[in-house]
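Engineer: Turn this into a structure:
(2 chains)
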Amino acid sequence: MKRFVLAAAAASISTFAYAQTAPNDVTFGDYGEIEVSLSGEAGDAERGLEVMVSRGKGNCIACHEVTALQEYPFHGEVGPMLDGAGDRWTEADLRGIVANAKNVFPESIMPAFYRTDGFTRPGDAYTGRAAEGDLDPLLTAQEIEDVVAYLMTLTD
Amino acid sequence: MKTKLLATAAICAAMTVPFGTVMADEDANLIIDGEIEITVRAPAPDHLENLDEIFSGWVYRATETQALQADDFENPGMIFVDSGHDLWNTVEGEAGESCASCHGDPEEMAGVAATYPKWNDATEEVRTISMQINACRTEQMGAEEWNLDKSELLNMTALLASVSRGMPVNVAIDGPAQATWEMGRDLYYTRTGQLDLSCANCHEDNYGNNIRADHLSQGQINGFPTYRLKNARLNGVHSRFRGCVRDTRAETYSVGSPEFVALELYVMSRGNGLSIEGPSVRN
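Structural biologist: The predicted model follows:
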């Protein structure tokens, strides 16, 4: 997650840099939606696809089936199928769901991908040891935008 | 999560199996060597509010993995039971005793594994069977403790499980054990780590569902110690707990910690009514 830290640092020193929003500064709407891009930039659907299927990134298909991603093996059944998500939700809704699904679905099992506090016994990634220092969000602002761009392509 | 399954089925009626899945025969029954009948599904014990039926993890394993456990010659865990037999008869420690000198044949211990973890009056604590074995070693034999979840102790717990196979798990959760049991229940329902998941999120809300390549079971421990094909050795309960907690991106508790002892009592009690089946075979 070095990239995120660097991007944030860059944003704070250069006035014309993209308006990146840090996890604790995100403004959620009444239904958990987020109106503005978290990175200040548009998302890239192709990179979003990579985040969706990579175990070390979003690993979204661990829980969700997506017909368009059929060539990537092992889709889970823990969450609903995502086919048509781009029709069911607006871009702002999807950004909110990926950043912190619990604002949209209370008590959801879906992890919050853009949240850094409020956890019980947070670990240092998957080592089983305690986390040292501040946590990085599971995905960077730009990765969230990329995933949202990909989800918007899932139309019926 | 029948509702989710139904929802998925409704969206895409033609597709019944998620992409890339190995299916298990969830209706199969387990009879070991044509002799020992294992209860792999049973009515949930009264204290379980959110489940009607309980299932052994065996039910959710692939057909080939299931078959390994139905035949003691095929079950790689049985080799460790043999090593456990040797240890049972080995004299060790200052008292010049072996397990056998106090307890006779291992078969005399039939039923014991089904009642652990259990309250110990003298020490006023809940003991796992591993703790009891170590207590016998230090107090009765004058021998060194064995390392928790390591080879000798796992081999011995495999032996003790094997002579109880087919007998129903029946741990006491009331009386002096109740406070520990409640602590275990709290841990079971506490979400941990950056993924913010509790045991219940996976093993109560989603058993029977796939999570990526894994087919989720109820996370029962009636089959421990388990021989896992993944690491080709016996695995103890606390090591398994550690792995699951680690996978929530959390700081885990340690093997033998009071938290895991409490969690072991609670999880074992969720299986009251299933048969002891260790050493079981899992992936």
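Engineer: what separates the residue nearest to the spatial centre of chain B from chain A, distance-wise?
Structural biologist: Computing the C-alpha centroid of chain B and ranking residues by Cα atoms, centre = their mean puts residue B:221 first, at 2.0 Å. When Cβ to the nearest Cβ, to the nearest Å is applied, the distance between residue B:221 and chain A equals 20 Å. Glycine gets a C-beta too; all of them are placed from N, C-alpha and C.
Engineer: so where is chain A shaky, pLDDT-wise?
Structural biologist: Judged by pLDDT under 70, chain A has its weakly predicted residues at A:1-18.
Engineer: Would you mind listing what in it touches chain B?
Structural biologist: Proximity of chain A to chain B, by Cβ under 8 Å from any Cβ of the partner chain, involves residues A:55, A:59, A:61-63, A:65, A:67, A:70, A:72-81, A:83-84, A:109, A:111-112, A:119-131, A:135, A:138.
Engineer: so where do the helices sit in the stretch 51-200 of chain B?
Structural biologist: Using DSSP state H, counting those that start in this stretch, the helices found in the stretch 51-200 of chain B span residues B:63-69, B:78-89, B:99-103, B:129-135, B:151-162, B:178-189, B:199-203.
Engineer: buried sites along the fourth one?
Structural biologist: Going by neighbour count (16 or more other Cβ atoms under 10 Å in any protein chain shown), the buried part of helix B:129-135 is B:129, B:130, B:131, B:132, B:133, B:134.
Engineer: and of those residues, the nearest to residue B:212?
Structural biologist: When the buried residues of helix B:129-135 are compared for distance to residue B:212, the smallest value, 31.4 Å, is given by residue B:130; criterion: Cβ to Cβ.
Engineer: Return the residues in contact with the closest one.
Structural biologist: Each residue near residue B:130 by Cβ atoms under 8 Å, 6 or more residues apart in numbering or on different chains is listed here: B:148, B:149, B:153, B:157, B:236, B:256.
Engineer: Pull up the gap between it and chain A, please.
Structural biologist: Following Cβ to the nearest Cβ, the distance that separates residue B:130 from chain A is 20 Å.
Engineer: for residue B:156, same thing?
Structural biologist: Applying Cβ to the nearest Cβ, the value for residue B:156 to chain A is 26 Å.
Engineer: I figured that residue hits residue B:84, correct?
Structural biologist: Yes. Using Cβ atoms under 8 Å, residue B:156 is in contact with residue B:84, at 5.0 Å.
Engineer: Could you find the closest non-adjacent residue to residue B:94?
Structural biologist: Nearest in space to residue B:94, with sequence neighbours left out and distances taken as Cβ to Cβ, 6 or more residues apart in numbering or on different chains, is residue B:142 at 3.3 Å.
Engineer: Counting neighbours, what do you get for the one you found?
Structural biologist: 13 (other Cβ atoms under 10 Å in any protein chain shown).
Engineer: And the pLDDT for it?
Structural biologist: Model confidence at residue B:142, expressed as pLDDT, equals 98.
Engineer: Could you check how far it is from residue B:88?
Structural biologist: Counting by Cβ to Cβ, to the nearest Å, the gap from residue B:142 to residue B:88 is 17 Å.
Engineer: Repeat that for residue B:64.
Structural biologist: 32 Å.
Engineer: Then residue A:122?
Structural biologist: From residue A:122 over to residue B:88 the distance is 43 Å, taken as Cβ to Cβ.
Engineer: before we move on, back to that, what's near enough to touch the residue nearest to residue B:94?
Structural biologist: Going by Cβ under 8 Å, 6+ apart, residue B:142 touches B:93, B:94, B:95.
Engineer: wait, the last one sits on residue B:139?
Structural biologist: Put plainly, it is residue B:95. No. With contact defined as Cβ under 8 Å, residue B:95 does not reach residue B:139; the gap is 9.4 Å.
Engineer: Residue B:64 and residue B:88 - which one has more neighbours?
Structural biologist: For residue B:64 and residue B:88, the more surrounded residue by other Cβ under 10 Å is residue B:88, and the numbers stand at 18 against 12.
Engineer: is it true that that one touches residue B:99?
Structural biologist: Yes. Taking Cβ under 8 Å as the contact criterion, residue B:88 and residue B:99 are neighbours in contact, 4.7 Å apart.
Engineer: anything in contact with each of these two?
Structural biologist: With contacts taken as Cβ under 8 Å, 6+ apart, residue B:88 and residue B:99 have B:106, B:156 as neighbours in common.
Engineer: Which of the residues of chain A next to chain B are buried, as a PyMOL select command?
Structural biologist: Typed into PyMOL, the line below selects the buried ones among the residues of chain A next to chain B, using 16+ other Cβ under 10 Å:
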select buried, chain A and resi 59+61+62+63+65+74+75+76+77+78+79+81+83+109+111+112+119+121+122+123+124+125+126+128+131+135+138
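Engineer: so where is chain B shaky, pLDDT-wise?
Structural biologist: B:1-23.
Engineer: try 80
Structural biologist: Applying pLDDT under 80 to chain B flags residues B:1-24.
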